[in-house]
Every structure is written in structure tokens, then in C-alpha cells.
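Peer 1: Test case, fold it:
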Amino acid sequence: QVQLVESGGGSVQAGGSLRLSCAASGYIYCMAWFRQAPGKERERVARINQEGSLTYADFVEGRFTISKDNAKNTMYLQMNNLKPGDTAMYYCAGRLVRPCLSAGRTDFGYWGQGTQVTVSS
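Peer 2: This next block holds a predicted model:
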């Protein structure tokens, strides 16, 4: 059983930056960031696999960068130029096997507890 622990959330003003981290207790082939705002469905932000291939949701618009340190089983999300619309609980998700870049929310079996990101205008 792999455990995922997020950190790095907080409150910033619009235009600010935050860096989220997700530490896995063991090997994870595919990791992803999802987010969920109050009253909305959980949506995918970005995905990355062990080889470093990655995808982003359209709304990222070049503002976020996902990365992964395989030696540390840790994933990061650098978020720049944050907007109030980015306010949400951000969740780390993991999947042990392929496929990764086409995996949807229900394909991920491991989830962290979430870290809150609040962006004020």
C-alpha cells in the first residue's frame, strides 16, 4: 500500500506562485495532480510518468510545471501567475502501472489527503 502526502499549499495573491510537493512512500509509475473547487467536480491538472513524459490540462496555459524526482518518489507542481480561479483543494494521485498519460480520475488508485490553495484578487 503506497501512501501519498502533499505539502506546499497556502494563500497567495493573484499573480503569485506556489510549489506543491507530493511524497510517495514507495514506487509509483504514474503520478498526477488533480484539483477540486467547492461545488465542482475534481479535475485533472497534470500527469507525469516514470520516464518524464507529461501532460497538462488546457487551463494551465503554461503557468504550471509538473516534475518528478524518481529517486525520492516525489512529485512537484510549480504554479506561477496564479489566478483566483485556481483556488481549490489540490490532490496528488498515483497509479502503479501503464497507461499514464491517458489515465482519468477513476484510473488512479492512490490519493493524498489534499492541500488547499487559495488565490485572492
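
Peer 1: Quick one: neighbours of residue 113, just the number.
Peer 2: Counted with other CB atoms under 10 Å, residues neighbouring residue 113 total 11. (Glycine included, C-beta is placed from N, CA and C.)

Peer 1: I'd like the distance between it and residue 87.
Peer 2: According to CB to CB, to the nearest Å, residue 113 stands 18 Å off from residue 87.

Peer 1: Same question for residue 40.
Peer 2: Taking CB to CB, one finds residue 40 at 11 Å from residue 87.

Peer 1: Between the two, point out the one with more neighbours.
Peer 2: Taking neighbours as other CB under 10 Å, residue 40 and residue 87 compare with residue 87 leading, 17 against 9.

Peer 1: any idea of the pLDDT on that one?
Peer 2: Looking at residue 87, its pLDDT is 98.

Peer 1: where's it relative to residue 58, distance?
Peer 2: Relative to residue 58, and taking CB to CB, residue 87 is found at 18 Å.

Peer 1: Check what pLDDT the closest residue to residue 15 other than its chain neighbours gets.
Peer 2: Nearest non-adjacent residue to residue 15, counting by CB to CB, 6 or more residues apart in numbering: residue 81, 5.9 Å away. Residue 81 is assigned a pLDDT of 98 by the prediction.

Peer 1: Perfect, I'm done here.
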